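Colleague: Here's a sequence, model it:
(4 chains)
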There are 2 protein chains.
Amino acid sequence: MESATVIRALGALAQEHRLAVFRLLVQAGPDGMAAGALAEALGVPASSMSFHLAQLAHAGLVAQRRVSRSIIYSADYGAMNRLIAYLMANCCGGTACLPELDCLSVAGDDRSVA
Amino acid sequence: MESATVIRALGALAQEHRLAVFRLLVQAGPDGMAAGALAEALGVPASSMSFHLAQLAHAGLVAQRRVSRSIIYSADYGAMNRLIAYLMANCCGGTACLPELDCLSVAGDDRSVA
DNA sequence: CCCATATTTCAATGATTATCGAATTATGAG
DNA sequence: CTCATAATTCGATAATCATTGAAATATGGG
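Modeller: Residues are numbered from 1 along each chain as shown, chains lettered A, B, ... in the order given. As a prediction, the model looks like this:
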């Protein structure tokens, strides 16, 4: 995982509304939530929410799929796993201490620490 | 853990130099590294490094102690644990899926998910 | 006390980010 | 085709953040 990717992900989460959105999506699980539902749930104008969702998507933290007129967003647990692994890489000089973070790990998810 | 605290921590990590510093400190373990050593290791002017270290400290991600003329910084693994727990709270609607993240967990470290 | 080292604070500048109404694009129903 | 709904893009503005040299504040040695 590259440092630029990690910075984008952390920066995406470091914002009140985006953090709230991500946590809602983590709780919602694979079913996800529509953009409009997220905007309403958080009391944020649709255009603002769209901006924030784009940031989260660009950071790879959420996936999006269209269902009829709605666009459904869902959390990417694999990206989250990789992010955490990166932060804790070689913890304490390399002694084994990294856990598995397995909430619905996604196919293709690797935990490489490099 | 409060959302404002989490946002401060994520924002602190969402920056090239600070992310590099934090990872260096994670690898350095409890011994930590002096401010000057960090500045030199990353090729950043001392005043810039001081600014970034202050952000990390204010976010509670690093601890500082004075040793003679140097100030030694070290990663706070407990803060990291709490951060991750917050992000994954009630993952998938509350089914058990949170791991323990125990690289040198610090005394007083709680993993409350609220 | 005087000097060198280690670090932080200050201040000014440039760059990035958040906000949100209005306009635009996409989809589906009748 | 026309209308209503769902979401995004645009554009302008305000706010926050990163950078760095210079000055200020500790600390320790002689």
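
Colleague: Next one: A:R82 relative to B:L61, how far apart?
Modeller: A:R82 is 20 Å from B:L61, where distance means Cβ to Cβ, to the nearest Å. Heads up, the C-betas are built off the backbone N, CA and C, glycines and all.

Colleague: neighbour-wise, which of those two wins?
Modeller: Between A:R82 and B:L61, B:L61 has the larger neighbour count (other Cβ atoms under 10 Å in any protein chain shown), namely 25 against 22.

Colleague: quick one, phi/psi of the most centrally placed residue in chain A?
Modeller: Nearest to the geometric centre of chain A sits A:L61, at 2.6 Å (Cα atoms, centre = their mean). Main-chain dihedrals, A:L61, degrees, to the nearest 10: phi -90, psi -20.

Colleague: Kindly report the same for A:P45.
Modeller: phi -60, psi 150.

Colleague: What's the local residue count around it?
Modeller: Other residues lying near A:P45 total 9 when counted by other Cβ under 10 Å.

Colleague: ok, now which ones touch the nearest residue to it once chain neighbours are set aside?
Modeller: Distances taken as Cβ to Cβ, 6 or more residues apart in numbering or on different chains place A:A39 nearest to A:P45, at 7.0 Å, with adjacent residues excluded. Taking Cβ atoms under 8 Å, 6 or more residues apart in numbering or on different chains, we find A:A39 in contact with A:45-46, A:48-49.

Colleague: what does A:A59 give?
Modeller: A:5, A:8-9, A:11-13, A:79.

Colleague: A:I84 is in contact with B:N81, isn't it?
Modeller: No: using Cβ atoms under 8 Å, A:I84 makes no contact with B:N81, being 10.5 Å away.

Colleague: returning to what we had before: would you quantify the distance from the residue nearest to A:P45 to A:S48?
Modeller: Relative to A:S48, A:A39 is positioned 8 Å away (Cβ to Cβ).
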